[in-house]
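Participant: Have a look at this fold, sequence not included:
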Ligand code: ASP
């Protein structure tokens, strides 16, 4: 596992994972049999949430590694890891999904494998495990992206239960956050939101989650799940990068990546695809993640983070926010 204290680094620049964290147990860049990396969103998190969030991220990598050791596909390992994070209200996904200005909880998620199979949902409501519904879209429908009521209907058809995802904690945050916007006419709200749109630090609540996994037969999969941008509140119908293949999530036979941060900028830069493109060109995933974040920052002036894994099980993580919590495990 990575050093649990690394999230304490609060440097405002592209973060570099120390070299010894990129190396295998013997200090060489070993080819790893099975590997998993997860993230819990890019941007500042309240101090008292850091340790409990890190514990869940670490637990998620453990679950995923167990699944991989039992011979399960990397996509299932990703799903197990992300489901655990979606179960916690400490992350902005699943049960912890942020509320929109109008009061709804609307979830986005996507997943992809090294065979280029992929699926995604946007504006999914009342279903906690958005990543699982993205997998259903991939495996059970002829589509790649299903939005709104149709995504909830698919989930119900396959046995998922409707649930009220409004938590007390999120209602409290929503009541405070909407004060900035609720009195304004719609066009004024849009103007204010446009002014804040490039900063993930301005947005007070983070916790999009994502994972990339490698199985011992060399297959990769990745997935990302979010409740969207939490503060300032966004309008119903706003969809960020998370369900967009190439933006929030991308995977092919060379590597996989999951991004988090300001969704509109990540979409313009197709950040996850960019990281995998750099891995394809021969870069170590750490180098690929750093270069992609540097380019992203220069191109968009915005903030994001990304995790990546290549087909040798080597991992990378970079961000230009103040922090991004991650966990990595391999055997
Ligand atoms: N990328 C997500 C979105 O824009 C938010 C985040 O990752 O913090 O919806």
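Facilitator: Yep, it's here. Just so you know, these numbers come straight off a predicted model, no measurement behind them. Numbers count the residues shown, from 1 in each chain.
Participant: Count residues in the vicinity of the closest residue to residue 189 other than its chain neighbours, would you?
Facilitator: Counting by Cβ to Cβ, 6 or more residues apart in numbering, residue 189 lies nearest to residue 181, which is 5.0 Å off, once chain neighbours are set aside. C-betas here are computed from N, CA, C, even on glycine. Look at residue 181: counted by other Cβ atoms under 10 Å, it has 18 neighbours.
Participant: residues in contact with residue 181?
Facilitator: Going by Cβ atoms under 8 Å, 6 or more residues apart in numbering, residue 181 touches 101, 189, 192-193, 232-233.
Participant: Repeat the analysis, applying 7 Å as the threshold.
Facilitator: Applying Cβ atoms under 7 Å, 6 or more residues apart in numbering to residue 181 gives the contacts 101, 189, 192, 232-233.
Participant: What helix or strand is it located in?
Facilitator: According to DSSP states H and E, residue 181 maps onto helix 179-182.
Participant: quick one on the thing from earlier: pull out the buried members of the contacts of residue 181.
Facilitator: 101, 189, 232-233 (16 or more other Cβ atoms under 10 Å).
Participant: And the nearest residue to residue 177 once chain neighbours are set aside, how close does it get to the ligand?
Facilitator: What sits nearest to residue 177 in space, not counting adjacent residues and going by Cβ to Cβ, 6+ apart, is residue 231, at 4.7 Å. Separation of residue 231 from the ligand (Cβ to the nearest ligand atom, to the nearest Å): 10 Å.
Participant: Was I right to think residue 231 contacts residue 175?
Facilitator: No: when contacts are counted by Cβ atoms under 7 Å, residue 231 is not listed as touching residue 175 (11.9 Å).
Participant: Between those two, which has more neighbouring residues?
Facilitator: When residue 231 is set against residue 175 and neighbours are counted by other Cβ under 10 Å, the residue ahead is residue 231, at 19 against 11.
Participant: residue contacts, residue 319?
Facilitator: 15, 42, 293, 304-305.
Participant: how about TSV for the residues you listed, with secondary structure and neighbour count added?
Facilitator: Formatted as TSV, the contacts of residue 319 follow (DSSP: H, G, I helix; E, B strand; the rest coil; neighbours: other Cβ atoms under 10 Å):
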residue	secondary structure	neighbour count
15	coil	24
42	strand	32
293	helix	29
304	strand	27
305	strand	33
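Participant: Nearest to the ligand within the stretch 1-150 of the chain, name that residue for me.
Facilitator: Closest approach between the stretch 1-150 of the chain and the ligand, counting by Cβ to the nearest ligand atom: residue 41, at 5.1 Å.
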